[in-house]
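**Student:** no FASTA, just this:
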């Protein structure tokens, strides 16, 4: 039995402190997903907190036939979409993309390359900011979290074919935006 399955069984038997493992492991990507949708750090934190509460209370419905991450990220995604619909704030753009590309080793790079990398990140951030949320989430899950298309389809509630189309569109749009990076508006 896998570690996560063992922890889930322990939680279901009353060891609620074991749930902290899931918070530690999945919090960062959950925040990234929520942030892509709501564009606000505080709202994203609230959404993720609500998603963890929902996951905890519905842990008994989790079926080990899928990965916990897939199940949980779907909860995060739906919680974020619903929160934005309730607040009437959901639109076609995302904010801040820095969490996706955040590992530059300053100790191994000189100052110039660090500045160049920072500038590249800023350009990518602005490009991702201008993509529709559905495409930015797919890119994030596929490239940052290394989720297979099958899992992404489960998370966002679409078919694998739809995910492939969104991924293709997002790549094309991102490429165009990056090629014309000077024209990307700051948000």
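**Tutor:** Great, that's in hand. The model shown is predicted, which means the values in this text are computed figures rather than measured ones. Numbering: from 1, shown residues only.
**Student:** if I look at residue 166, how far off is residue 158?
**Tutor:** 8 Å (Cβ to Cβ, to the nearest Å). Any C-beta I mention is one placed from the backbone N, CA and C, and that applies to glycine too.
**Student:** and those two? Which one has more around it.
**Tutor:** residue 166 (23 against 16; other Cβ atoms under 10 Å).
**Student:** secondary structure element for that one?
**Tutor:** helix 160-179 (DSSP states H and E).
**Student:** list the contacts for residue 27?
**Tutor:** residue 48 (Cβ atoms under 8 Å, 6 or more residues apart in numbering).
**Student:** now the helix or strand it falls within: buried residues?
**Tutor:** Using DSSP H and E, residue 27 sits in helix 20-38. Across helix 20-38, burial judged by 16 or more other Cβ atoms under 10 Å covers 22, 26, 29, 30, 31, 32, 33, 34, 35, 36, 37, 38.
**Student:** what does the model give the third one for pLDDT?
**Tutor:** If I follow you right, that is residue 29. Looking at residue 29, its pLDDT reads 93.
**Student:** and residue 16, how many neighbours does it have?
**Tutor:** Quick note: residue 16 (other Cβ under 10 Å) scores 11 neighbours.
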